[in-house]
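> I would like to see how this sequence folds:
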Amino acid sequence: MEVGKILSAILVFIVVYLLFSLSGILFPVDRTWYASLKKPSWTPSGKTIGMIWGILYALIALSLAIIQYKMGLKSTSISFILLWLINYLANQAFSFFQFTAKKLDLAFLDTLVVVITNILLIYSTTQYSGLAALLLIPYLIWSLIATTLAWSIYRLNS
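Below is the predicted model of the structure:
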């Protein structure tokens with residue numbers, strides 16, 4: 001039984017990590033266009049942003065894997081699953097809005113949805129695992145930075 005719980009948690013980790021990484025494949029960065037945008041002086045390099053998201057995706061995936069291991073995602077509430085789905089879709093939509101559609105206003109608004117759903121996820125996750133909720137805090141911090149950056153880029157280029 002324990003092996004099955006561990007394997008299902010590992011599977012959740014892998015699937016969630018891959019799903020969150022999907023936007024980079026579906027909506028690749030238009031580097032030429034992005035380089036042409038006016039950006040604040042504190043804008044991290046693309047390489048730094050990529051590394052940060054890679055770490056955050058691992059923390060997000062680990063958060064859900066912990067819940068899968070402890071109780072199974074099927075035992076969580078529908079509102080918990082819906083929050084994750086909305087957060088995931090908003091997270092993925094950013095790359096579409098920013099790099100494919102090149103709609104800086106929608107990219108900014110999308111980051112707000114990510115922040116709001118992230119706050120709600122941290123709160124909702126605490127009922128299942130304190131550790132899983134703590135693992136989402138770096139995602140919230142970075143989402144706030146990303147929202148500020150998206151707003152700054154929008155304002156500088158509108």
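> Residues in contact with the helix or strand containing Trp84: which ones?
Element membership of Trp84 [criterion: DSSP states H and E] is helix 78-95. Counting by C-beta atoms under 8 Å, 6 or more residues apart in numbering, helix 78-95 makes contact with 19-20, 22-24, 26-27, 29, 64, 73, 107, 110-111, 113-114, 117-118, 120-121, 124-125, 128, 146, 150, all of which sit outside it. For the C-beta atoms, the positions are set from N, CA and C on the backbone; glycine is no exception.
> which of those residues count as buried?
A residue is treated as buried here by neighbour count (16 or more other C-beta atoms under 10 Å); on that basis the buried members of the contacts of helix 78-95 are 20, 23-24, 27, 29, 64, 73, 107, 110-111, 113-114, 117-118, 121, 124-125, 128, 146, 150.
> from those, which ones fall inside strands?
The subset of the buried ones among the contacts of helix 78-95 located in strands under the criterion DSSP state E is empty.
> about what we covered before: so how far is the helix holding Trp84 from its chain's centroid?
Using C-alpha atoms, centre = their mean, to the nearest Å, we find the averaged C-alpha position of helix 78-95 to lie 8 Å away from the chain's own average C-alpha position.
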